[in-house]
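A.B. asks: quick one: sequence and predicted model below, then my questions.
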Amino acid sequence: MSGSRIVIDGAGLTCAQVARVAREEVTVVAGRAGVERARTAWHVAREVTAAQPVYGRTTGVGANRLVNVEWEPEEAEGADTHGLRLLRSHAAGAGPLIAPESARAMLAVRLNQIAAGGSGVDPGVLGALADALNLGLVPPVPVYGAIGTGDLTALASTALCLLGERSWLATGDEGVRRGPGFALRSSDALAFISSNAATLGEAALAVTDLHTLLSASTVVAALSLHAVRGSVEPYAPAVHEACPHPGQQQVAAAMRALLAWERPVPVRIQDPYGYRAFPQVHGPAVDAAAHAERTVSLEINAAAENPLVDVVARTVWHNGNFHTAYVGLALDAARAALFQTAALSAARLGTLVEPSFTGLYPFQAATDVSSGIMILEYVAHSAIGDIRRLGGPAALGSAVLSRGVEEHAGFSTQSARATTEAVAGYRIALGCELVAAVRALRMQGRPPSGGPLREAYDLAAGTLDARVEDRPLDADIATAADLLPRLARLLPA
């Protein structure tokens, strides 16, 4: 990757790169190495299919796996071939359409997966997918249709767009009929849609955003601690060497670095948990997010295809790599940890409205009868209530489908969606804390002394409204939430 150009070649694609493709104006290029891997796998798939039964190519799918379908090495593509019927029957999602950025993430992930060289899909589709991304087009993909064992409805809709049977969508949901096309072969139909690219695309966006917010949260917590004249003793190296969880140590070290310019005189022998136990509660969220990112990164670069085309052995393997249990469980754990640290943010917000902590009027009000920032606690707890609701493990569900042949599902798709929504709630909760911390420091006349914490304060104080009289605070929350990615970049390594 260099500048605004991202080469996708089936190896080394990161969650952050998926996010860039989904959200920024970048040029996507199908890498030469990936095209060659896909081409080789395509030839092997056709060679093997001519010699033995291959699921989805010479057979039906699901409970119809025992039904043989005709296949010829140079089959004529008619209007009623098996593969086209498969695509039409599976393009049956429901509900509102997924966000355009999620659809773009799906296209980027599927491009990378096919370039990994295990699907056997015609490599010509790689250029078509890249063209769609570069033209700003997405397929219409309804929210409902997948349960973690293959995004069949989403990718069938994508295939019909490539075939010209459905319209691509542009920015603003304007139908576009003349988008990039590709004559996907009937025999490649199942191989193209047998993927979790939509689930993984959304998961990549969610873990990227989660990483950003967790970094910003440490900066915000340090501002809050400075505002309440808290103690830095809980972050001492000896404390975390005595209980050396990686995330806990990382968070404590970051807090020490942020507060290194301060010489606070603690006013309490022990602070509340929001400060004293911050490394122990925020650390698990950092670790869980890192694990989720590693898991998703592995999956988006894997040839997790069924059947898997083995180029070296010149055969195919029928297998269960379509099952994304690892992804769903990793995201479930991340949300549980996220709720814990989000609750701690609300606890710190509670101290920032207390005169005994800030030395100000209750709720940082302008007078003793004003409401000040009272409402921020309600907003934060409303958002955290949703994070709690979304924290239930999606993996506790299952399903038996296709006449009992497909008798398990991990619901990683639902886990990815819940993570997206939980991250959005966390962003609001942190925005509330940031408004309160910066307002308290302004009213106290106590900006941080220097270093990255002073940079963070100056950035926030220079952007947030300085008025303290009673007034609507909705714009303040939105502005603070928008500042969080910039604050995250100030977190010491």
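C.D. replies: Yep, it's here.
A.B. asks: can you say which helix or strand has the residue most central in space within the chain in it?
C.D. replies: For the chain, the residue lying nearest the average C-alpha position, counting by C-alpha atoms, centre = their mean, turns out to be residue 206 (1.6 Å). With elements delineated by DSSP states H and E, residue 206 resides in helix 197-227, which encompasses its position.
A.B. asks: picking up where we left off before, next up, the contacts around the residue nearest to the centre of the chain.
C.D. replies: Residue 206 is in contact with 331, 416, 419, 420, 423, counting by C-beta atoms under 8 Å, 6 or more residues apart in numbering. All C-beta spots, glycine's among them, are computed from the backbone N, C-alpha and C.
A.B. asks: now those residues as CSV including distance to residue 476 and pLDDT?
C.D. replies: Output for these, formatted as CSV (distance: C-beta to C-beta, whole Å; pLDDT from 0 to 100):
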residue, distance to residue 476, pLDDT
331, 31, 98
416, 31, 97
419, 27, 98
420, 24, 98
423, 21, 98
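A.B. asks: the helix holding residue 206: what's the following helix or strand?
C.D. replies: Taking DSSP H and E as the definition, the helix or strand that follows helix 197-227 towards the C-terminus is helix 237-241.
A.B. asks: list of residues touching that next one?
C.D. replies: Applying C-beta under 8 Å, 6+ apart, the external contacts of helix 237-241 come out as 233, 248, 249, 252, 253, 256, 279.
A.B. asks: what's the answer for stretch 149-158, then?
C.D. replies: Contacts to stretch 149-158, defined as C-beta under 8 Å, 6+ apart, come from residues 86-88, 90-93, 98, 106-107, 110, 139-142, 145-146, 166, 192-199, 322-324, 406, 408-410, 413.
A.B. asks: could you give the mean pLDDT of the helix holding residue 206?
C.D. replies: Here the mean pLDDT over helix 197-227 is 98, rounded to a whole number.
A.B. asks: and the strands in the stretch 301-450 of the chain?
C.D. replies: 308-310, 315-317 (DSSP state E, counting those that start in this stretch).
A.B. asks: nearest approach to residue 462 belongs to which of those strands?
C.D. replies: Distances from residue 462 to each of those were compared by C-beta to C-beta, and the smallest falls on strand 308-310, at 54.4 Å.
A.B. asks: re the thing from before, of all the strands of the stretch 301-450 of the chain, which one is nearest residue 481?
C.D. replies: strand 308-310 (43.0 Å).
A.B. asks: so what touches that closest one?
C.D. replies: Here strand 308-310 makes contact (C-beta under 8 Å, 6+ apart) with 41, 44, 45, 48, 117, 118, 119, 120, 316, 317, 319, 321.
A.B. asks: OK, contacts around residue 138?
C.D. replies: Taking C-beta under 8 Å, 6+ apart as the criterion, residue 138 is in contact with 100, 103, 104, 107, 132, 168, 169, 170.
A.B. asks: buried ones among the residues you listed?
C.D. replies: Neighbour-count burial (16 or more other C-beta atoms under 10 Å) applied to these gives 100, 103, 104, 107, 132, 168, 169.
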